[in-house]
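>>> dropping a prediction and its sequence here:
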Amino acid sequence: MYATTPGLVCAHHHLYSSLARGMPAPPRTPTNFSEILELIWWRLDKALDLEMIRWSAMLGALEALLAGTTAIVDHHSSPNAIEGSLDVISNACAEVGVRVNCCYEITDRNGPAAKAAGLAENERFVKAGGVGMVGAHACFTLSQESLEEVAGLAKDLGCGVHIHVGEDRVDADAGERLEELAQPNWLLAHCVHLDRGLEGIIAHNPRSNQNNGVGYAHPTRFSNTVVLGTDGIGADMLEEFRIAYARLREDDVTATPSTPWQWLENGWKLMPEALSDQVLWSYAPMDPWHLAFTPGVRAVQVRVGGEIVLDNGRPTKVDEHEVRSKAAEQQRRLWAALSEQ
Ligand SMILES: [Zn+2]
């Protein structure tokens, strides 16, 4: 009665946000997307140190594995712990048994020294053989000169740029600013307010977009390859597929689950290694029309690179309770640091 698929891919994640859930309320309630960044995420990322990043990534990777996700495309930011951060994330994922593509988020919002350190971290990681891209926050926190530096570094390294594009109206001129820069190997996250076609793969994050009140991305209006991401809200890709389907149907009641299922499968274009992974599920058949209406399907056994990394629904390489308790310990440290800001 069980069915198998290759490992699923979370095409846009922020593993550093795993410790954020339940965090202390911000100093005041954010009223728009810019304030959500300023009052929540840009306070949180400044408070991160390498130990918090490690356990946040361990927890995120563990939860990905439990959901049958064997490959994560991560987008990282920790302005006060930049150097070595991508190794910490990559090593944490390897420890759990999940594949990861890393990048460090370049931005001008923390000044020129932090920008330079961010560029150096991407360069160091990829040159040392790490699987990664060059990370960039979004056009609205980058000068055109900085965007060109990001594009130039990616070209030199032979990889793509992983960037947020038109997530909110505040970034509405992203299309114009990226038109001459974007390449087919770039990963464009969100594209809710993107006003034109750009080279690259589009990462659709339907739940995050709803959560931030930024609108529906209408991914079918683009001819680009579309992949599915969670934008940091876990890595349960069957759940994200169901949300993508419901959101699509809300917009077009004639749409079928084969469209968001294709977005899920397109993740293998980004992380083809996951195709060789094998997930045994608690349900059969693993068919879009079934899964769109079947919550709670769980991974029973997962093989990554031939190794069993999840068995009887439990991880084999790490102790789940230890990961959760260490992560909770770092969560307390992070929240204490936030309250001191
Ligand atoms: Zn994101």
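Nice, I can see it.

>>> residue ranges of the strands in the stretch 101-250 of the chain, please?
For the stretch 101-250 of the chain, the strands defined by DSSP state E, counting those that start in this stretch cover 105-106, 134-138, 161-165, 187-190, 201-204, 226-228.

>>> which other helices and strands contact the first one?
If I follow you right, that is strand 105-106. Strand 105-106 is packed against helix 112-127, strand 134-138, helix 144-157, with contacts defined by 3 or more CB pairs under 8 Å, 6 or more residues apart in numbering; DSSP states H and E. Where C-beta positions appear, they are placed from N, C-alpha and C, glycine not excepted.

>>> list the buried residues for the last one?
I take that to be helix 144-157. Neighbour-count burial for helix 144-157, counted by 16 or more other CB atoms under 10 Å, picks out 146-147, 149-151, 153-154, 157.

>>> returning to what we had before: out of the helices and strands packed on strand 105-106, nearest to Pro288?
strand 134-138 (31.6 Å; CB to CB).

>>> what about the spatially closest residue to Gln262 that is not a sequence neighbour, how many residues nearby?
In space, and not counting its chain neighbours, Gln262 is closest to Val226: 7.9 Å by CB to CB, 6 or more residues apart in numbering. Other residues near Val226 come to 23 when the count uses other CB atoms under 10 Å.

>>> Val226 reaches Glu265, doesn't it?
No: using CB atoms under 8 Å, Val226 is not in contact with Glu265; the gap is 10.6 Å.

>>> which strands or helices does whatever helix or strand Trp263 lives in pack on?
Secondary structure assigned from DSSP states H and E places Trp263 in helix 258-265. Contacts defined by 3+ CB pairs under 8 Å, 6+ apart place helix 258-265 against strand 226-228, helix 237-251, helix 288-291.

>>> name the helices or strands packed onto the second one?
What it means is helix 237-251. strand 8-13, helix 206-211, strand 226-228, helix 258-265, helix 288-291.

>>> just grab the bridge partners of the residue lying closest to Cys103 once chain neighbours are set aside for me.
Of all residues not flanking Cys103 in the chain, Gly135 sits nearest, at 3.2 Å (CB to CB, 6+ apart). Residues in a beta bridge with Gly135, per DSSP bridges, are Glu105, His162.

>>> who are the contact partners of Gly135?
75-77, 103-106, 118, 122, 161-163 (CB atoms under 8 Å, 6 or more residues apart in numbering).

>>> next: Leu44.
Per CB under 8 Å, 6+ apart, neighbours of Leu44: 16-17, 20, 23, 334, 338.

>>> rewinding a little: of all the strands of the stretch 101-250 of the chain, which lies closest to Lys46?
strand 105-106 (12.5 Å).

>>> turn the contacts of Leu44 into TSV, columns for neighbour count.
TSV is the format used below for the contacts of Leu44 (neighbours: other CB atoms under 10 Å):
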residue	neighbour count
Tyr16	27
Ser17	21
Ala20	19
Met23	17
Leu334	24
Leu338	17
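
>>> run through the stretch 1-150 of the chain and note the low-pLDDT ranges.
The model of the stretch 1-150 of the chain has pLDDT under 70 over residues 1.

>>> brain fart, the stretch 201-341 of the chain
In the stretch 201-341 of the chain (pLDDT under 70), no residue qualifies.

>>> and stretch 20-31, how far from the chain's centre?
Counting by CA atoms, centre = their mean, to the nearest Å, stretch 20-31 is centred 21 Å from the centre of its parent chain.

>>> what of stretch 316-325?
On CA atoms, centre = their mean, the centre of stretch 316-325 falls 22 Å from that of its chain.

>>> now do stretch 132-139
Offset of stretch 132-139 from its chain centre (CA atoms, centre = their mean): 12 Å.

>>> how much space is there between the spatially closest residue to Arg247 that is not a sequence neighbour and Leu291?
Distances taken as CB to CB, 6+ apart place Pro206 nearest to Arg247, at 4.6 Å, with adjacent residues excluded. Shown here: Pro206 relative to Leu291, a distance of 15 Å by CB to CB, to the nearest Å.

>>> show me what contacts the nearest residue to Leu194 once chain neighbours are set aside?
Nearest non-adjacent residue to Leu194, counting by CB to CB, 6+ apart: Gly166, 3.9 Å away. Residues in contact with Gly166, defined by CB under 8 Å, 6+ apart, are 172, 174-175, 190-195.

>>> narrow those residues to just the buried residues.
174-175, 190-194.

>>> and of those residues, the nearest to Asn312?
Nearest to Asn312 out of the buried ones among the contacts of Gly166 is His190 (CB to CB; 37.0 Å).

>>> beta partners of the closest one?
His190 has these beta-bridge partners by DSSP bridges: Val165.

>>> so it makes contact with His218?
No: under the criterion of CB under 8 Å, His190 makes no contact with His218, lying 11.6 Å away.

>>> distance of the nearest residue to Asp277 once chain neighbours are set aside from Pro24?
Nearest residue to Asp277 in three dimensions, chain neighbours excluded: Gly7, at 3.1 Å (CB to CB, 6+ apart). Separation of Gly7 from Pro24 (CB to CB): 35 Å.
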